[in-house]
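Engineer: what follows is a predicted protein model with its sequence.
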Amino acid sequence: MGNRVVAALLRSPLHRLLSGSLMLLTVRGRRSGQPHTFPVQYAREGNVVFVYPAEHRRKTWWRNLLEPAPVLLRIAGEELRGSGQALLASADAGAVAAGTATYLRRFPRLAEAVDGELVVRIDLTAE
């Protein structure tokens, strides 16, 4: 299923089909300032949401969050605002390990795919 189809489903009343594991994430480009929205798999623990950018070396969206930045989430049909930050193991191994552990508790079958180098942490209590 393509990102556009998934995004349309997540915005529709049928979002329940995918909302248990997928959300829409909107970040602003660092240089362009333009919003970019795409579906991502997530694990939520209270007011914190973790995203593991699969194949992160090929993707660039998470680089917009190297410094804390406002993000918009659509989870289970609800729009939420928060502050997102890409955490790198080279800078904060403990925070990445904690976020990765939360993510893998939700998706244990992905253990072989998750390399523990990067996790995106979104704090829903901050903007």
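Structural biologist: All right, it came through fine.
Engineer: okay, CA-based contacts and neighbour counts for the rest of this
Structural biologist: Will do.
Engineer: residues in contact with residue 55?
Structural biologist: With contact set as C-alpha atoms under 8 Å, 6 or more residues apart in numbering, residue 55 has no partners.
Engineer: let me fix that, I meant to ask about residue 42.
Structural biologist: 21-23, 49-52, 103.
Engineer: again, but for residue 82
Structural biologist: Residues in contact with residue 82, defined by C-alpha under 8 Å, 6+ apart, are 70-73, 122-127.
Engineer: residue 27: which of these is nearest?
Structural biologist: For the contacts of residue 82, the closest approach to residue 27 (C-alpha to C-alpha) belongs to residue 71, at 5.2 Å.
Engineer: mind listing the residues bridging to the residue nearest in space to the middle of the chain?
Structural biologist: What sits nearest the mean C-alpha location of the chain, by C-alpha atoms, centre = their mean, is residue 51, with 3.4 Å. Using DSSP bridges, the bridge partners assigned to residue 51 are residue 120.
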